[in-house]
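>>> structure, please.
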Amino acid sequence: MKLSVLALVASVAMAAALKGKTYLVTFPADTPQSEVDRAARDIEANGGTINHRYTLLKGFSVVASEDAMNTFKAQGKDKYPMYVEEDQVVHIMNDPSR
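Reported below is the predicted structural model:
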């Protein structure tokens, strides 16, 4: 049982790695939810996969190729600008080994 769960987790991680990197896409607080939903549909149409939709922030996380994200960012909105950054580990101390 443990081996099959481990194999499943490994295959999901490998599939995600092959598909691309994880990015965070957020919008200003006054952005209508319909604009956030439209952006999520646009990135899915470019081959991305939405991992999580945030409730405290306007936005979502997505796994996508770099090419898909470049295409998506080029479609930026003027009225409701989106902020896109690659997901990363953040440390609160200078020593990342802790």
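
>>> which regions of the chain sit below the pLDDT cut-off?
Filtered on pLDDT under 70, the chain yields the residue ranges 1-19, 76-78, 95-98.

>>> now the strands for it?
Here the chain has its strands, by DSSP state E, at 21-27, 49-53, 58-64, 83-86.

>>> and these, which is most packed in?
strand 58-64 (a mean of 21; mean count of other CB atoms under 10 Å). Backbone N, C-alpha and C define where each C-beta goes, glycine included.

>>> ok, and the closest non-adjacent residue to T49?
Closest residue to T49 apart from its sequence neighbours, by CB to CB, 6 or more residues apart in numbering: V63 at 4.9 Å.

>>> correct me, but the one you found touches I43?
No. Using CB atoms under 8 Å, V63 is not in contact with I43; the gap is 9.8 Å.

>>> picking that back up, distance of the residue nearest to T49 from D30?
27 Å (CB to CB, to the nearest Å).

>>> residues in contact with stretch 48-58?
19-20, 22, 26-29, 31, 33, 36, 40, 43-44, 59-65, 68-69, 72 (CB atoms under 8 Å, 6 or more residues apart in numbering).

>>> contacting residues around the residue nearest to M69 when sequence neighbours are not counted?
Using CB to CB, 6+ apart and skipping the chain neighbours, the partner closest in space to M69 is Y23 (5.8 Å). Y23 makes contacts with S61, V62, V63, A64, M69, V84, E85, E86, D87, as judged by CB under 8 Å, 6+ apart.

>>> closest to M93 out of the residues you listed?
Nearest to M93, judged by CB to CB, of these is D87 at 19.9 Å.

>>> sorry, back to before: specify the beta-bridge partners of the residue nearest to T49.
T22, T49 (DSSP bridges).

>>> and it, how far from Y80?
23 Å.

>>> likewise for E86?
Taking CB to CB, one finds E86 at 21 Å from Y80.

>>> who are the neighbours in contact with the closest residue to D87 other than its chain neighbours?
Spatial nearest neighbour of D87, excluding adjacent residues (CB to CB, 6+ apart): T22 at 4.0 Å. Residues near T22 by CB under 8 Å, 6+ apart: A16, N51, S61, V62, V63, E86, D87.
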